[in-house]
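1. Have a look; sequence and predicted model below, questions after that.
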Amino acid sequence: MRNTDECIFCGSQLKANNKTQSHLIPELFGKNATLNDFECDDCNKMSGRWESSVGTFLTPIRIVSKIKNKKSKIPKFKSRLDDYDYPTEIFMDELGVLKGKLATAEDFKILDDEIAKLTFRLGGANPFHIYKVFLKIALSLMPDKKLKKEQWMKHLLFSDNVTKQIFPCMYQIYTDQMIFPEPYFELKQLAVQHKYHPQYLLIAYFGKTMLEIVLPIKKPKNKIVVNMPPILEIQGVRKTYEVEKIDLSNNENKRWNMTFTLQMDKRNVASFQMGLTGNFNDYSIG
(Lines give C-alpha, C1' and ligand atoms only; values in the text may rest on other atoms or scores of the structure.)
Protein backbone atom coordinates (compact mmCIF):
# COMPACT_ATOMS: atom_id res chain seq x y z
CA MET A 1 0.00 0.00 0.00
CA ARG A 2 1.35 3.43 -0.96
CA ASN A 3 0.07 6.94 -0.41
CA THR A 4 0.16 8.05 -4.03
CA ASP A 5 -2.19 9.39 -6.67
CA GLU A 6 0.14 8.43 -9.52
CA CYS A 7 0.98 5.07 -11.05
CA ILE A 8 4.46 4.19 -9.77
CA PHE A 9 5.45 2.79 -13.17
CA CYS A 10 4.28 5.27 -15.82
CA GLY A 11 3.40 8.30 -13.65
CA SER A 12 -0.17 8.68 -14.94
CA GLN A 13 -2.84 9.98 -12.59
CA LEU A 14 -4.76 7.29 -10.75
CA LYS A 15 -8.51 7.81 -11.00
CA ALA A 16 -11.55 5.68 -10.34
CA ASN A 17 -11.86 4.73 -14.03
CA ASN A 18 -8.24 3.63 -14.58
CA LYS A 19 -7.31 2.02 -11.28
CA THR A 20 -8.18 -1.47 -10.11
CA GLN A 21 -6.57 -3.58 -7.45
CA SER A 22 -4.20 -6.06 -9.10
CA HIS A 23 -1.90 -8.78 -7.82
CA LEU A 24 1.63 -7.69 -7.01
CA ILE A 25 2.66 -11.35 -7.26
CA PRO A 26 0.89 -12.97 -10.26
CA GLU A 27 -1.26 -15.93 -9.29
CA LEU A 28 0.80 -18.01 -11.74
CA PHE A 29 3.13 -18.48 -8.77
CA GLY A 30 0.25 -19.77 -6.63
CA LYS A 31 -2.73 -18.28 -4.86
CA ASN A 32 -1.89 -15.16 -2.87
CA ALA A 33 -3.46 -11.96 -1.57
CA THR A 34 -0.74 -9.49 -2.56
CA LEU A 35 -3.01 -6.76 -3.94
CA ASN A 36 -1.67 -3.29 -4.74
CA ASP A 37 -3.33 0.10 -5.21
CA PHE A 38 -0.51 1.97 -6.98
CA GLU A 39 -0.81 0.77 -10.58
CA CYS A 40 -2.92 2.02 -13.48
CA ASP A 41 -4.96 -0.31 -15.69
CA ASP A 42 -2.67 0.23 -18.71
CA CYS A 43 0.43 -0.92 -16.82
CA ASN A 44 -1.48 -3.87 -15.44
CA LYS A 45 -2.57 -4.88 -18.96
CA MET A 46 0.99 -4.40 -20.23
CA SER A 47 2.41 -6.87 -17.73
CA GLY A 48 -0.51 -9.20 -18.36
CA ARG A 49 0.77 -9.64 -21.91
CA TRP A 50 4.17 -10.69 -20.54
CA GLU A 51 2.62 -13.27 -18.25
CA SER A 52 1.86 -15.69 -21.09
CA SER A 53 5.61 -16.32 -21.35
CA VAL A 54 5.87 -16.62 -17.58
CA GLY A 55 3.00 -19.12 -17.61
CA THR A 56 4.84 -21.29 -20.14
CA PHE A 57 8.02 -21.09 -18.09
CA LEU A 58 6.31 -21.89 -14.77
CA THR A 59 4.06 -24.77 -15.87
CA PRO A 60 6.63 -27.56 -15.24
CA ILE A 61 7.50 -26.08 -11.83
CA ARG A 62 3.83 -25.82 -10.92
CA ILE A 63 3.17 -29.44 -11.89
CA VAL A 64 6.03 -30.99 -9.91
CA SER A 65 5.28 -28.65 -6.98
CA LYS A 66 1.51 -29.30 -7.16
CA ILE A 67 0.74 -25.56 -7.34
CA LYS A 68 -2.95 -25.00 -8.13
CA ASN A 69 -4.46 -22.23 -10.26
CA LYS A 70 -7.44 -19.98 -9.57
CA LYS A 71 -9.79 -22.91 -10.18
CA SER A 72 -7.88 -25.07 -7.68
CA LYS A 73 -6.45 -27.26 -10.43
CA ILE A 74 -2.85 -28.14 -11.24
CA PRO A 75 -2.04 -27.19 -14.86
CA LYS A 76 -1.39 -29.75 -17.57
CA PHE A 77 1.66 -29.79 -19.82
CA LYS A 78 1.91 -30.57 -23.52
CA SER A 79 5.38 -30.48 -25.04
CA ARG A 80 6.39 -29.08 -28.41
CA LEU A 81 6.30 -31.65 -31.20
CA ASP A 82 9.88 -31.43 -32.48
CA ASP A 83 10.16 -34.36 -34.93
CA TYR A 84 7.77 -36.71 -33.10
CA ASP A 85 4.27 -37.79 -34.13
CA TYR A 86 2.61 -36.49 -30.98
CA PRO A 87 3.64 -34.43 -27.94
CA THR A 88 4.63 -35.67 -24.51
CA GLU A 89 1.79 -34.94 -22.06
CA ILE A 90 2.26 -34.64 -18.30
CA PHE A 91 -0.34 -33.89 -15.63
CA MET A 92 -1.26 -34.54 -12.00
CA ASP A 93 -4.45 -36.47 -11.24
CA GLU A 94 -6.92 -35.83 -8.40
CA LEU A 95 -4.92 -38.10 -6.05
CA GLY A 96 -1.68 -36.20 -6.60
CA VAL A 97 -0.15 -38.86 -8.86
CA LEU A 98 1.93 -37.61 -11.76
CA LYS A 99 0.90 -39.18 -15.08
CA GLY A 100 2.46 -39.04 -18.50
CA LYS A 101 2.24 -40.01 -22.15
CA LEU A 102 5.69 -39.97 -23.72
CA ALA A 103 6.52 -39.10 -27.30
CA THR A 104 10.11 -40.25 -26.70
CA ALA A 105 11.96 -42.20 -24.03
CA GLU A 106 14.41 -39.27 -23.87
CA ASP A 107 11.80 -37.29 -21.92
CA PHE A 108 11.92 -39.76 -19.01
CA LYS A 109 15.16 -41.46 -17.96
CA ILE A 110 15.60 -43.90 -15.08
CA LEU A 111 18.89 -43.21 -13.28
CA ASP A 112 18.56 -45.96 -10.67
CA ASP A 113 15.81 -47.86 -8.84
CA GLU A 114 14.24 -44.79 -7.26
CA ILE A 115 15.60 -41.79 -9.18
CA ALA A 116 14.48 -40.56 -12.59
CA LYS A 117 14.85 -37.44 -14.72
CA LEU A 118 11.75 -35.95 -16.32
CA THR A 119 12.25 -33.42 -19.11
CA PHE A 120 9.67 -30.82 -20.13
CA ARG A 121 10.25 -29.64 -23.72
CA LEU A 122 8.81 -26.14 -23.52
CA GLY A 123 7.26 -24.31 -26.44
CA GLY A 124 7.93 -20.68 -27.29
CA ALA A 125 8.30 -18.11 -24.50
CA ASN A 126 9.87 -14.65 -24.58
CA PRO A 127 12.79 -14.59 -22.08
CA PHE A 128 12.88 -10.77 -21.83
CA HIS A 129 9.17 -10.70 -20.98
CA ILE A 130 9.89 -13.12 -18.15
CA TYR A 131 12.62 -10.77 -16.91
CA LYS A 132 10.25 -7.77 -17.08
CA VAL A 133 7.67 -9.49 -14.90
CA PHE A 134 10.29 -9.99 -12.19
CA LEU A 135 11.64 -6.46 -12.60
CA LYS A 136 8.12 -5.04 -12.16
CA ILE A 137 7.65 -7.05 -8.96
CA ALA A 138 11.03 -5.83 -7.68
CA LEU A 139 10.09 -2.18 -8.29
CA SER A 140 6.81 -2.78 -6.47
CA LEU A 141 8.74 -3.98 -3.41
CA MET A 142 11.06 -0.95 -3.24
CA PRO A 143 10.34 1.58 -0.49
CA ASP A 144 9.34 5.02 -1.81
CA LYS A 145 12.76 6.57 -1.20
CA LYS A 146 14.57 3.73 -2.97
CA LEU A 147 12.10 3.76 -5.84
CA LYS A 148 12.62 7.51 -6.37
CA LYS A 149 16.39 6.98 -6.47
CA GLU A 150 16.16 4.00 -8.84
CA GLN A 151 13.35 5.32 -11.04
CA TRP A 152 15.57 4.95 -14.11
CA MET A 153 14.79 1.22 -13.93
CA LYS A 154 11.14 1.93 -14.78
CA HIS A 155 12.07 2.91 -18.34
CA LEU A 156 13.34 -0.63 -18.98
CA LEU A 157 9.79 -1.93 -18.53
CA PHE A 158 8.68 0.06 -21.59
CA SER A 159 11.71 -0.78 -23.76
CA ASP A 160 12.05 -3.67 -26.20
CA ASN A 161 15.84 -3.46 -26.18
CA VAL A 162 17.98 -5.67 -23.97
CA THR A 163 20.57 -3.01 -23.14
CA LYS A 164 23.93 -3.38 -21.43
CA GLN A 165 22.30 -2.07 -18.25
CA ILE A 166 20.47 -5.34 -17.81
CA PHE A 167 21.95 -8.48 -16.32
CA PRO A 168 19.39 -10.83 -17.86
CA CYS A 169 20.29 -13.93 -15.90
CA MET A 170 18.28 -15.93 -13.43
CA TYR A 171 19.31 -18.74 -11.13
CA GLN A 172 16.78 -21.52 -10.65
CA ILE A 173 17.27 -23.69 -7.58
CA TYR A 174 15.09 -26.79 -7.42
CA THR A 175 14.81 -29.08 -4.42
CA ASP A 176 13.06 -32.43 -4.16
CA GLN A 177 10.96 -31.28 -1.19
CA MET A 178 7.93 -28.99 -1.06
CA ILE A 179 9.12 -26.13 1.15
CA PHE A 180 7.23 -23.03 -0.05
CA PRO A 181 3.47 -23.79 0.00
CA GLU A 182 2.68 -20.11 -0.68
CA PRO A 183 4.64 -17.75 -2.96
CA TYR A 184 6.98 -15.33 -1.22
CA PHE A 185 9.11 -12.63 -2.86
CA GLU A 186 12.03 -10.77 -1.32
CA LEU A 187 14.07 -7.84 -2.65
CA LYS A 188 17.63 -7.62 -1.32
CA GLN A 189 20.02 -4.71 -1.64
CA LEU A 190 23.52 -6.12 -1.92
CA ALA A 191 26.34 -4.77 0.24
CA VAL A 192 28.71 -3.86 -2.60
CA GLN A 193 30.84 -0.75 -3.00
CA HIS A 194 31.60 -0.83 -6.73
CA LYS A 195 29.22 1.32 -8.80
CA TYR A 196 29.50 -1.09 -11.74
CA HIS A 197 28.23 -4.04 -9.73
CA PRO A 198 24.49 -4.92 -9.49
CA GLN A 199 22.93 -3.49 -6.34
CA TYR A 200 19.73 -5.53 -6.07
CA LEU A 201 18.68 -9.15 -6.16
CA LEU A 202 15.07 -10.35 -6.30
CA ILE A 203 14.36 -13.79 -4.84
CA ALA A 204 11.15 -15.71 -5.52
CA TYR A 205 10.21 -18.68 -3.34
CA PHE A 206 7.38 -21.00 -4.40
CA GLY A 207 6.70 -24.73 -4.42
CA LYS A 208 9.95 -26.67 -4.73
CA THR A 209 11.77 -23.79 -6.37
CA MET A 210 13.71 -20.65 -5.60
CA LEU A 211 14.49 -18.16 -8.37
CA GLU A 212 17.11 -15.42 -8.09
CA ILE A 213 17.02 -12.50 -10.54
CA VAL A 214 19.75 -9.85 -10.85
CA LEU A 215 18.39 -6.32 -11.30
CA PRO A 216 19.92 -3.79 -13.77
CA ILE A 217 22.74 -1.40 -12.95
CA LYS A 218 22.77 2.30 -13.84
CA LYS A 219 26.29 2.76 -15.25
CA PRO A 220 27.60 -0.51 -16.62
CA LYS A 221 30.89 -0.91 -18.46
CA ASN A 222 31.15 -3.03 -21.58
CA LYS A 223 34.00 -5.24 -20.41
CA ILE A 224 33.02 -5.88 -16.83
CA VAL A 225 31.93 -9.41 -15.94
CA VAL A 226 29.98 -10.07 -12.76
CA ASN A 227 29.44 -13.63 -11.59
CA MET A 228 26.49 -13.86 -9.21
CA PRO A 229 26.60 -17.14 -7.29
CA PRO A 230 23.26 -18.45 -6.03
CA ILE A 231 22.42 -17.60 -2.44
CA LEU A 232 21.35 -20.98 -1.14
CA GLU A 233 18.92 -20.19 1.65
CA ILE A 234 16.99 -23.45 1.52
CA GLN A 235 17.20 -24.98 4.98
CA GLY A 236 16.46 -28.52 6.12
CA VAL A 237 17.20 -32.04 4.98
CA ARG A 238 16.92 -32.75 1.28
CA LYS A 239 18.12 -35.60 -0.92
CA THR A 240 18.85 -33.55 -4.02
CA TYR A 241 18.80 -30.01 -5.30
CA GLU A 242 19.77 -28.59 -8.66
CA VAL A 243 21.00 -25.15 -9.67
CA GLU A 244 20.62 -23.86 -13.20
CA LYS A 245 21.58 -20.49 -14.70
CA ILE A 246 18.99 -19.28 -17.23
CA ASP A 247 19.73 -16.61 -19.85
CA LEU A 248 16.89 -14.10 -20.33
CA SER A 249 18.62 -11.79 -22.83
CA ASN A 250 16.55 -12.75 -25.89
CA ASN A 251 13.53 -10.62 -26.84
CA GLU A 252 12.15 -13.25 -29.22
CA ASN A 253 10.30 -16.46 -28.45
CA LYS A 254 12.70 -19.19 -27.44
CA ARG A 255 12.37 -22.94 -26.91
CA TRP A 256 14.16 -24.68 -24.08
CA ASN A 257 14.04 -27.80 -21.95
CA MET A 258 13.47 -27.97 -18.19
CA THR A 259 14.57 -31.13 -16.37
CA PHE A 260 13.72 -32.31 -12.85
CA THR A 261 15.11 -35.12 -10.72
CA LEU A 262 12.25 -37.13 -9.20
CA GLN A 263 12.08 -39.58 -6.32
CA MET A 264 10.18 -42.59 -7.66
CA ASP A 265 8.19 -45.49 -6.30
CA LYS A 266 9.81 -48.79 -7.45
CA ARG A 267 6.54 -50.36 -8.59
CA ASN A 268 5.63 -47.33 -10.65
CA VAL A 269 9.09 -47.22 -12.25
CA ALA A 270 8.67 -50.83 -13.40
CA SER A 271 5.19 -50.08 -14.73
CA PHE A 272 6.40 -47.00 -16.53
CA GLN A 273 9.26 -48.84 -18.25
CA MET A 274 6.86 -51.44 -19.69
CA GLY A 275 5.15 -48.89 -21.94
CA LEU A 276 7.53 -46.07 -22.79
CA THR A 277 5.48 -44.46 -25.55
CA GLY A 278 1.88 -44.16 -26.56
CA ASN A 279 0.26 -44.95 -23.23
CA PHE A 280 -0.37 -43.06 -20.02
CA ASN A 281 1.59 -44.43 -17.09
CA ASP A 282 1.56 -43.48 -13.42
CA TYR A 283 4.56 -42.55 -11.37
CA SER A 284 4.68 -40.82 -8.02
CA ILE A 285 7.07 -38.11 -6.91
CA GLY A 286 8.52 -37.35 -3.50
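-> Cool, the structure landed.
2. From here on, just use CA atoms for contacts and neighbour counts.
-> Will do.
3. Sort out which residues of the lengthiest helix in the chain are buried, please.
-> Longest helix of the chain, by residue count under DSSP state H: helix 41-65. Applying a neighbour-count criterion of 16 or more other Cα atoms under 10 Å, one finds 43-44, 47, 50-65 buried in helix 41-65.
4. Beyond it, next helix or strand please.
-> strand 77-78 (DSSP states H and E).
5. In contact with residue 76, which residues?
-> 59, 63, 89, 90, 91, 92 (Cα atoms under 8 Å, 6 or more residues apart in numbering).
6. One more pass at 10 Å, please.
-> Counting by Cα atoms under 10 Å, 6 or more residues apart in numbering, residue 76 touches 59, 60, 62, 63, 89, 90, 91, 92, 93.
7. Any figure for the gap between the closest residue to residue 44 other than its chain neighbours and residue 39?
-> What sits nearest to residue 44 in space, not counting adjacent residues and going by Cα to Cα, 6 or more residues apart in numbering, is residue 22, at 7.2 Å. To residue 39, residue 22 is 8 Å away according to Cα to Cα, to the nearest Å.
8. When these two are compared, which one has more neighbours?
-> residue 39 (27 against 17; other Cα atoms under 10 Å).
9. three-state assignment of the more buried one?
-> Here residue 39 takes the coil state, with states given by DSSP: H, G, I helix; E, B strand; the rest coil.
10. Which residue is the nearest non-sequential neighbour of it?
-> residue 7 (4.7 Å).
11. about what we covered before: got JSON lines for the contacts of residue 76, with distance to residue 109 and pLDDT too?
-> As requested, the contacts of residue 76 are arranged in JSON lines below (distance: Cα to Cα, whole Å; pLDDT from 0 to 100):
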{"residue": "59", "distance to residue 109": "20", "pLDDT": "95"}
{"residue": "60", "distance to residue 109": "17", "pLDDT": "94"}
{"residue": "62", "distance to residue 109": "21", "pLDDT": "92"}
{"residue": "63", "distance to residue 109": "18", "pLDDT": "92"}
{"residue": "89", "distance to residue 109": "15", "pLDDT": "91"}
{"residue": "90", "distance to residue 109": "15", "pLDDT": "91"}
{"residue": "91", "distance to residue 109": "17", "pLDDT": "88"}
{"residue": "92", "distance to residue 109": "19", "pLDDT": "84"}
{"residue": "93", "distance to residue 109": "21", "pLDDT": "80"}
